[in-house]
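Novice: I need the structure of the sequence given here:
(3 chains)
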Amino acid sequence: MTILQFFLWSLLKVVVVTLVMLMGIAYTVLLERKLVGRIQNRWGPSRVGPFGLLQPLADGAKSFFKEDLIPGAVDRPLYLLAPIISLSCALIPIAAVPFGPPGVGPDRFDFFEISNINVGLLVILGIASMGVYGIALAGWSSNNKYSLLGSLRSAAQLISYELALGLSLVGVVLRAGSLNLRTIVDQQATRGILSWNVFGGFQFIAFFIYLMAAFAETNRSPFDLPEAESELTGGYHTEYSSMKFAMFFMAEYGNMINVGCVATLLFFGGWTSVLGDRIPPPHNVLIHAFLPIFWFTIKVFGFLCLYVWVRGTLPRFRYDQLMNFGWRFLLPLAIVNVIGTSLWLAYR
Amino acid sequence: MTFFHQDVPLSWYLLLSALLFSLGIIGFLIKRNLITVFMSIELMLNAVNLSFVTFAYQWHAVKGQIFVFFVMMVAAAEAAVGLAIIIAVFRARATLSVDRIDLMKL
Amino acid sequence: MPRSSYNREGIFPGKSMQLILFFVFAGFCLAGAVNLLLQTHPINSALSLIVVMTSLAVLYLLLGAEFLAAAQIIVYAGAVMVLFTFVVMLLNAGREERTLGSRAAARVGFPAVVALLAILATIILHTPGLDAVRLGRDLATATPAGDHSNLTLLSTVLFHELLLPFEVTSVLILIAILGAVALARPGHEEGTAAK
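Specialist: Sure, this is the predicted structure:
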């Protein structure tokens, strides 16, 4: 395969994954609105298209046609840069996420992952942690007391929970012996559901910590005080309108999808089926290629439903309760998990 | 076209490192805001990290990379304490300009 | 001359890719560093420094140091620079001005730094043995067994031979945390007045 063919196939991969990600973001918004509606005993969007399925297109068109207002006293370069940073740091980590096993494409070309990095997990964590800048700069450049307060609170919350997030993943990495996401998933494929890291690997404490930290990292309920309308008139995106606000919105749901992908890869066995290696792979090439994506999508979908379920059910934390929870409960628990996992692995 | 089919010589990485280090020194001398001076120091540390990684590549010694790891840790600790000092200075003197904080006679 | 060369995992686009990547990201580094000097408001300097650090992370990747590239993004660009940005936003000291001190420093400093740079460049360009960079099987390996990943080798050496410096560094970070908390607290006068 020449360089030109390699580049064209890679470009195709990137375009397809980005489009699927953007569509995923749009339909996650719809999923949330319908699920929260059903939890609150109402329908959710149901008029635009069958079951409200064309609602995201209507929302996109509305966002496009809204007036794009830039207040006079803002710091313009930073004001325009902030949503760009947020959205990029939400879309880039999907490049390191594998959806399926290698070796399916021609000439050993990797169809199911944009780039297989040996330290893939660290890359995802690192780029997600750069999203703090979008929020901090949005509040700073808006030249508005409430925006600045909301953005600093949100940024402090994000960097506090990053620690618990990273430490909760150390147990999984210890068990797999590698940061390569493919290796971590392959290790969970042997006995199906029993060898998934959350059950067979005894990482349920780690999964609990990861879940809490992920809710806080994506600014979602019950940790969404920085963007609660009743508290801070909209927080860091008060001064933003139409497309720039839509970019922040998309960044939040993009982060949700990223976090869901990492959770399925590390704790729920990635693209492997519930029965694992006990059933032989199907002979039909098309089903053999399609089945991993099917399992992966089902698991991420389940995770997103969990997110929306928690949002519809729990009230939000106060800010000091939030910081207390992150530093005094989750962080020591994550350290205990690391110590416990390493002792257990050393004993075996 | 043959220009594009050569490898990158290691001396270019070291030249980049030297350039960044010099720019850091110039920043340290010229800038009048305490925080910007501190940022120039971080730039110098990063330039040195690049030299370490380059030499770790040349000598196939992974200890060069481990030293960079330690430099990063020490720089992070130094940044935390240094910024706390800067906050304390701002509380005492209400300014961050290097010229106005100077209490020395000359 | 073959235009593509295979490594262990598949296709590797070859030498021209490395050259282009080096030029692009070295350009970003230099542009960011020069912008740090030229900007008057510290928040713009902080953002330029972030650009420098992420470009350096890509250069570390080009030199085969994958873990260091990830650590540079997570620690430096994602934590240390967030700290800088917070302090700039909290203190809000405003733009800086050109004073007598800065002009004097520029007049003396520039020639000295140019001289230093000239000396360094001469030494670098006239040292024999700085071969070209060739990524492939001979990445930065500590042992002749070249099939271990960079991370495995780094962690083996770190936790076997250099365990004591590692533990001392963790104590250092603990001391830094305590010092920062003690320094940034509101101060003794308010404490005694509240009693």
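
Novice: pLDDT below threshold where in the stretch 151-300 of chain A?
Specialist: Within the stretch 151-300 of chain A, the set of residues satisfying pLDDT under 70 comprises A:191-192, A:194, A:227-234, A:276-278.

Novice: Which stretches in chain A count as helices?
Specialist: Counting by DSSP state H, chain A has helices at residues A:3-39, A:55-65, A:76-91, A:120-129, A:132-141, A:145-176, A:181-186, A:204-217, A:229-232, A:242-267, A:285-313, A:319-324, A:331-347.

Novice: quick one: least confident helix or strand in chain C?
Specialist: strand C:5-7 (a mean of 39; mean pLDDT, DSSP states H and E).

Novice: Let me know the distance separating the residue nearest to C:Ala77 when sequence neighbours are not counted from C:Leu90.
Specialist: Of all residues not flanking C:Ala77 in the chain, C:Met53 sits nearest, at 4.4 Å (Cβ to Cβ, 6 or more residues apart in numbering or on different chains). Placement of C-beta: from N, CA and C, glycine included. The gap separating C:Met53 from C:Leu90 is 21 Å, by Cβ to Cβ, to the nearest Å.

Novice: higher neighbour count, the two?
Specialist: Counted by other Cβ atoms under 10 Å in any protein chain shown, C:Met53 and C:Leu90 do not tie: C:Met53 has more neighbours, with 23 against 13.

Novice: ok, A:Ala289 to chain C distance?
Specialist: Distance from A:Ala289 to chain C, counting by Cβ to the nearest Cβ, to the nearest Å: 18 Å.

Novice: C:Val82 and A:Ala155 touch, don't they?
Specialist: Yes. With contact defined as Cβ atoms under 8 Å, C:Val82 counts as touching A:Ala155 (7.1 Å).

Novice: These two - which one has more neighbours?
Specialist: A:Ala155 (26 against 22).

Novice: give me every residue that touches the more buried one.
Specialist: A:132, A:135-136, A:139, C:82, C:86 (Cβ atoms under 8 Å, 6 or more residues apart in numbering or on different chains).

Novice: quick one: which of those residues is nearest chain B?
Specialist: C:Phe86 (8.4 Å; Cβ to the nearest Cβ).

Novice: Helix or strand for the residue sitting nearest the centre point of chain C, just tell me which one.
Specialist: For chain C, the residue nearest the mean C-alpha position is C:Met53 (5.0 Å; Cα atoms, centre = their mean). Using DSSP states H and E, C:Met53 sits within helix C:42-62.

Novice: and that helix with helix A:76-91, angle?
Specialist: Here helix C:42-62 points in a direction 30 degrees away from that of helix A:76-91 (axes from the mean of the first three to the mean of the last three Cα atoms, to 10 degrees).

Novice: With pLDDT added, can I get the contacts of A:Ala155 in a markdown table?
Specialist: As requested, the contacts of A:Ala155 are arranged in a markdown table below (pLDDT from 0 to 100):
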| residue | pLDDT |
| --- | --- |
| A:Val132 | 92 |
| A:Ile135 | 91 |
| A:Ala136 | 91 |
| A:Gly139 | 89 |
| C:Val82 | 94 |
| C:Phe86 | 91 |
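
Novice: number of nearby residues for A:Ala346?
Specialist: Residues near A:Ala346, counting by other Cβ under 10 Å: 8.

Novice: Tell me how far it lies from A:Gly171.
Specialist: In this view, A:Ala346 and A:Gly171 are 13 Å apart by Cβ to Cβ.

Novice: To what extent is residue 30 buried, counted in neighbours?
Specialist: Reading this off chain A. Using other Cβ under 10 Å: A:Leu30 sits among 19 other residues.

Novice: I was thinking of chain C, sorry if that wasn't clear
Specialist: The number of residues near C:Leu30, taken as other Cβ under 10 Å, comes to 16.

Novice: go on, the one 4 residues further on?
Specialist: Applying other Cβ under 10 Å, we find 16 other residues in the vicinity of C:Val34.

Novice: wouldn't it be in contact with B:Leu23 here?
Specialist: Yes. Using Cβ under 8 Å, C:Val34 makes contact with B:Leu23 at a distance of 6.7 Å.

Novice: Now do the shared contacts for the two.
Specialist: Contact with both C:Val34 and B:Leu23 is made by no residue, according to Cβ under 8 Å, 6+ apart.

Novice: coming back round to it: joint contacts of C:Val82 and A:Ala155?
Specialist: Counting by Cβ under 8 Å, 6+ apart, the shared contacts of C:Val82 and A:Ala155 are A:132, A:136.

Novice: Just say which of the helices of chain A is most tucked in.
Specialist: Highest mean neighbour count among the helices of chain A (mean count of other Cβ atoms under 10 Å in any protein chain shown): helix A:132-141, with a mean of 27.

Novice: Not counting that helix itself, show me its contacts.
Specialist: With contacts defined as Cβ under 8 Å, 6+ apart, helix A:132-141 is touched by A:74-76, A:78-79, A:81-87, A:89, A:147-152, A:154-155, A:158-159, A:226, A:235-237, A:240, A:248, A:251, C:43, C:50, C:78, C:82, C:85-86, C:89.

Novice: Are there helices or strands packed against the longest helix anywhere in chain B, and which ones?
Specialist: Ranked by number of residues, the top helix in chain B under DSSP H is helix B:63-93. With contacts defined as 3 or more Cβ pairs under 8 Å, 6 or more residues apart in numbering or on different chains; DSSP states H and E, the packing partners of helix B:63-93 are helix B:34-58, helix B:98-101, helix C:66-71, helix C:81-91, helix C:150-160, helix C:163-184.

Novice: mind running it again at 6 Å?
Specialist: helix B:34-58, helix C:81-91, helix C:163-184 (3 or more Cβ pairs under 6 Å, 6 or more residues apart in numbering or on different chains; DSSP states H and E).

Novice: Run through the residues of chain A sitting next to chain C.
Specialist: A:1, A:3, A:6, A:108, A:118-119, A:122-123, A:126, A:129-130, A:132, A:136, A:140 (Cβ under 6 Å from any Cβ of the partner chain).

Novice: So which of those residues is the closest to C:Thr152?
Specialist: Using Cβ to Cβ, A:Asn118 comes nearest to C:Thr152 of the residues of chain A next to chain C, at 9.5 Å.

Novice: right, and the closest one touches C:Leu153 too?
Specialist: No. Under the criterion of Cβ atoms under 6 Å, A:Asn118 makes no contact with C:Leu153, lying 11.8 Å away.
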